[in-house]
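# Build the 3D model from these lines:
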Amino acid sequence: MKAPDSKSKTAGRGADSGSTRNLLPPQDLRAKLQANRAERYDLLASARALFLHEGKREGLLHPQDWHRTAKCKWTPVAGMVGVHASREHGSAFYSGVMNCGSVWACPVCAAKVQERRREEVAKAVTWADAQGLQAAMVTLTFPHYAWQQLAVLLEQQKTALKYLREGSPWTRFKKATGYQGLIRSLELTHGQNGWHPHTHELWFVDAGTDADTMKKTVLERWKTSCARAGLLDLDNADQVAAFEAHAIDVKGWCTASDYLAKQDDSRHWGVDAEIAKASTKAGRAKGKHPFALLTLFQDGDRKAGHRFLDYAAAMKGKRQLSWSAGLKAKVGVIEQSDEEVAEEQRDDADLLGHLEIEQWKLIRQAGLRAKVLDLAESNGGWVAIQHLLRGLLNGGLSMTHSNQDLTPEDEGLPIFVSDEQEALPLPGFVTRETHRSSKAVIRQKIATAMTEDRSGNDPAIQGKRSSNAES
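Numbering: from 1, shown residues only. This is a model prediction of the structure:
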């Protein structure tokens, strides 16, 4: 484990120089952000366990290749793993580990990518206003049933969207409304009626375009398109009536803050969030977001685990946010893939230190990836991380088996053990509630190990304290 020179930093853009800690948010907000991050890492560990098991079941030489998310924030891509802290925000992050960039399968990458996409959508709404255009929110959905497979529904939806925007009727519509392009977000939930793919779209049209008139035109086009794609039976009067009542919604003059999305964290965003932060949908009456399936799997629901695997397979290669050709150039948004966004760090950041690969293995197998970032953001910083590692190296914290130990003959899904700890597939399940006491024991061991090692006699720690004091 190496600490850098006090002047070492990660280059970034748009951040002021100064102490890493001088612009921390209020303590309660910091605690909430850290709790959310811990939950995301928790869910990521569950996804990894599922993907590894599926890779083993299919007989892959490297089971983690079943889905790239199995390697995310787990597999080192350099000789050491760096721990950094943003100078502007105080938030910590890793370097030297793989980032999958999957908004569909990775709760950690989804949070970062979708936040960046939200900023891009907000910029587009601002651009439209400056151009004298209105941003109209168009939601497109269709009938769906529990017996339908997600992969098939997605192909039918893709076909229907293609039919919607082709031919002379679409050309006339664009001319009549002054249509300048769209941003489309693909969203999925799962409920009593199975998978529910639908799109939230921003259509940039002339200021004089009436939303109600546009809705009537689009409804007829969408009804015909869905029928051609096999999503709607025009001979079924009840289905058609329900379609006409619910399949289309158009909201004119949307701004970046006027559309309050129902979210599972009780936050309210504008139209930009409804478009780009689809993973925060609570989905009570309308169904659960797929990440909620991971939570159910953690609580012992094997069916939810299998359903998440089907979902992850169906979403491979799909884009969540799509822009019309040329629209990003008009708005001034740089083209970046989700993987590039997940990798990019825009803030100036201090490099607190490097973790050797064996140390990184200890951290990840003990389920402490989020905890190390918490310590990096604390006043203890790198010194606190050193204390934690001492506890691990001295055997002060219990370790768990890695899912690399999964055996091909195990047909059941792996059980879930709390936090990021992963266990072998067994006949029964260990629920999150059962393991609350285990988490408390581990936290107590962390605190004890850190307290016992605060003598300050280690020259390396003393040197780092001096370095922190100078920064």
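
# contacts, neighbours, all on C-alpha from now
Fine.

# Can you get me a residue count around residue 348?
The number of residues packed near residue 348 is 23, by other C-alpha atoms under 10 Å.

# Quick check: it touching residue 90?
No - with contacts counted by C-alpha atoms under 8 Å, residue 348 stays clear of residue 90, the gap being 10.2 Å.

# Show the pLDDT at the residue nearest to residue 76 when sequence neighbours are not counted.
Distance criterion C-alpha to C-alpha, 6 or more residues apart in numbering; nearest residue to residue 76, sequence neighbours excluded, is residue 97 at 4.2 Å. Reported pLDDT at residue 97 in the predicted model: 97.

# any chance you could map the helices in the stretch 301-450 of the chain?
302-315, 327-331, 338-343, 357-365, 369-377, 381-393, 436-452 (DSSP state H, counting those that start in this stretch).

# tell me the angle of the fourth one relative to helix 381-393?
Here helix 357-365 runs at 80 degrees with respect to helix 381-393, directions being taken by axes from the mean of the first three to the mean of the last three C-alpha atoms, to 10 degrees.

# start at 54 instead
In the new numbering, first residue 54, that becomes helix 410-418.

# What residues of helix 410-418 count as buried?
Within helix 410-418, the residues scored as buried using 16 or more other C-alpha atoms under 10 Å are 410, 412-418.

# How far away from the center of its chain is it?
Here helix 410-418 is found 23 Å from its chain centre; the criterion is C-alpha atoms, centre = their mean, to the nearest Å.

# Report the inter-axis angle for it versus helix 422-430.
With the same axes, to 10 degrees applied, the angle from helix 410-418 to helix 422-430 works out at 110 degrees.

# Where does the prediction get shaky in the stretch 354-503 of the chain?
Along the stretch 354-503 of the chain, the model assigns pLDDT under 70 to residues 449-503.

# how about a cut-off of 90?
When residues are selected by pLDDT under 90, those of the stretch 354-503 of the chain lie in 397-402, 432, 445-503.

# so residue 107 makes contact with residue 114?
No - judged on C-alpha under 8 Å, residue 107 makes no contact with residue 114 at a distance of 12.0 Å.

# Between these two, point out the one with more neighbours.
The neighbour count for residue 107 versus residue 114, taken as other C-alpha under 10 Å, is higher for residue 107 (22 against 9).

# Next, give phi and psi for that one.
Per-residue torsions, residue 107: phi -70, psi -40 (degrees, to the nearest 10).

# Please determine how far it is located from residue 100.
From residue 107 across to residue 100, the span is 11 Å (C-alpha to C-alpha, to the nearest Å).

# try residue 80
Noted for residue 80: a distance of 30 Å to residue 100, by C-alpha to C-alpha.

# okay, the two: which has more neighbours?
Taking neighbours as other C-alpha under 10 Å, residue 80 and residue 100 compare with residue 100 leading, 26 against 9.

# and whichever strand or helix holds the more buried one with helix 355-368, angle?
Assigned by DSSP states H and E, residue 100 belongs to helix 80-110. Using the same axes, to 10 degrees, the inter-axis angle of helix 80-110 relative to helix 355-368 is 80 degrees.

# Now do helix 80-110: which elements does it pack against?
Judged by 3 or more C-alpha pairs under 8 Å, 6 or more residues apart in numbering; DSSP states H and E, helix 80-110 is in contact with helix 160-183, helix 343-351, helix 355-368, helix 422-430.

# As JSON lines, those with mean neighbour count would be great.
Below are these laid out as JSON lines (neighbours: other C-alpha atoms under 10 Å):
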{"stretch": "helix 160-183", "mean neighbour count": "20"}
{"stretch": "helix 343-351", "mean neighbour count": "23"}
{"stretch": "helix 355-368", "mean neighbour count": "18"}
{"stretch": "helix 422-430", "mean neighbour count": "23"}
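
# Quick one, which of those gets closest to residue 253.
Counting by C-alpha to C-alpha, residue 253 lies closest to helix 160-183 out of these; the figure is 12.0 Å.

# What's the mean pLDDT across the helix or strand following the closest one?
Using DSSP H and E, the helix or strand that follows helix 160-183 towards the C-terminus is strand 186-193. Mean pLDDT, strand 186-193: 94.

# got the CA positions of strand 186-193 in PDB?
The C-alpha trace of strand 186-193 is given here as PDB (Å, rounded to 0.1, in the frame of the first residue of the first chain):
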ATOM      1  CA  LEU A 186     -39.000  25.700 -29.400                       C
ATOM      2  CA  GLN A 187     -41.100  23.800 -26.900                       C
ATOM      3  CA  ALA A 188     -40.000  20.400 -25.500                       C
ATOM      4  CA  ALA A 189     -43.000  18.100 -25.500                       C
ATOM      5  CA  MET A 190     -42.900  15.000 -23.400                       C
ATOM      6  CA  VAL A 191     -44.400  12.000 -25.300                       C
ATOM      7  CA  THR A 192     -44.800   8.700 -23.500                       C
ATOM      8  CA  LEU A 193     -45.500   5.600 -25.600                       C
END
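
# residues near residue 377, how many?
Look at residue 377: counted by other C-alpha under 10 Å, it has 12 neighbours.

# In contact with it, which residues?
Contact analysis of residue 377 by C-alpha atoms under 8 Å, 6 or more residues apart in numbering lists 234-236.

# mind checking how far it is from residue 254?
11 Å.

# And for residue 284?
Distance of residue 284 to residue 254, given as C-alpha to C-alpha: 19 Å.

# Could you check which of those two has the larger neighbour count?
For residue 284 versus residue 254, the count of surrounding residues by other C-alpha under 10 Å is larger for residue 254: 24 against 20.
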